[in-house]
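Engineer: The sequence isn't on hand, but the structure is:
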């Protein structure tokens, strides 16, 4: 059974919207797309390449799927560390409206997320990976379906945009597995996803 592993880029104020380019996601008039670009370096690129090397399949939200499908099929080198995996491996997109996906190897997922994604994990050889797809990721976390989270936090505050964690998120505990900071200041952190948080108190010492 494969693990469900998520990789997502966020700003210091938690925005995940449109990290890759100005036209990637302009919902609600968002005009700051492409904020991750100035921080790209070999370190972060190597991390992403390593993540993709462990993929056995991909689970994407509709918006991220459309962005990927408009770009990656045009990168035809099978040895490309990202395109080669995305184009060759199964892709599952969660959508109630997508009827005829044009990207070969795509299956549309509808219905009960817990049932459908548990079945996908069971039949995936390697990691079932979620990239971007912030709204889907929130749902998967709330349903306790995510095993591992790669959180890449970029040293920039935007003050606007869709945020990963919002009011109403299910309280969740994360256990730090590994991480480091790149030369451009990007924090690459990997967490195992647990159940609910633990609580305590800092009591005053007895007199």
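Structural biologist: Sure thing, it's come through. These numbers were taken from a predicted model, which means no experiment stands behind them.
Engineer: what's the closest non-adjacent residue to residue 43?
Structural biologist: residue 182 (4.1 Å; CB to CB, 6 or more residues apart in numbering). Yep, even glycine has a C-beta here, placed from its N, CA and C like the rest.
Engineer: Let me see the contact set for that neighbour.
Structural biologist: 39, 41, 43-44, 188 (CB atoms under 8 Å, 6 or more residues apart in numbering).
Engineer: which of these are buried?
Structural biologist: Buried members of the contacts of residue 182, counted by 16 or more other CB atoms under 10 Å: 39, 44, 188.
Engineer: name the helices or strands packed onto the helix or strand where the second one lies?
Structural biologist: Residue 44 is part of helix 42-53 when elements are defined by DSSP states H and E. With contacts taken as 3 or more CB pairs under 8 Å, 6 or more residues apart in numbering; DSSP states H and E, helix 42-53 sits against strand 4-11, helix 83-88, strand 148-154, strand 187-193.
Engineer: Looking at these, which is nearest to residue 204?
Structural biologist: With CB to CB, the closest approach to residue 204 among the helices and strands packed on helix 42-53 belongs to strand 187-193: 32.1 Å.
Engineer: how about the closest one: buried residues?
Structural biologist: Here strand 187-193 shows 188-191, 193 as buried, counting by 16+ other CB under 10 Å.
Engineer: show me the contacts for the spatially closest residue to residue 39 that is not a sequence neighbour.
Structural biologist: Distance criterion CB to CB, 6+ apart; nearest residue to residue 39, sequence neighbours excluded, is residue 184 at 4.3 Å. Contact analysis of residue 184 by CB under 8 Å, 6+ apart lists 38-41, 43-44, 155.
Engineer: My reading is that residue 184 is in a helix; is that accurate?
Structural biologist: No - according to DSSP: H, G, I helix; E, B strand; the rest coil, residue 184 belongs to no helix; its state is coil.
Engineer: what's the pLDDT at it?
Structural biologist: Looking at residue 184, its pLDDT reads 98.
Engineer: ok, now residue 207?
Structural biologist: Confidence at residue 207, expressed as pLDDT, is 68.
Engineer: what sits opposite residue 106 in the beta ladder?
Structural biologist: Beta-bridge partners of residue 106, counted by DSSP bridges, are residue 91.
Engineer: same thing with residue 15?
Structural biologist: Beta bridges link residue 15 to residue 163, judged by DSSP bridges.
Engineer: Distance of it relative to residue 45?
Structural biologist: As defined by CB to CB, to the nearest Å, residue 15 lies at a distance of 22 Å from residue 45.
Engineer: Same check on residue 17?
Structural biologist: 22 Å.
Engineer: for residue 77, same thing?
Structural biologist: According to CB to CB, residue 77 stands 16 Å off from residue 45.
Engineer: Show me which of those two is the more surrounded one.
Structural biologist: Neighbours per residue (other CB atoms under 10 Å) separate residue 77 from residue 45, with residue 45 holding more: 13 against 9.
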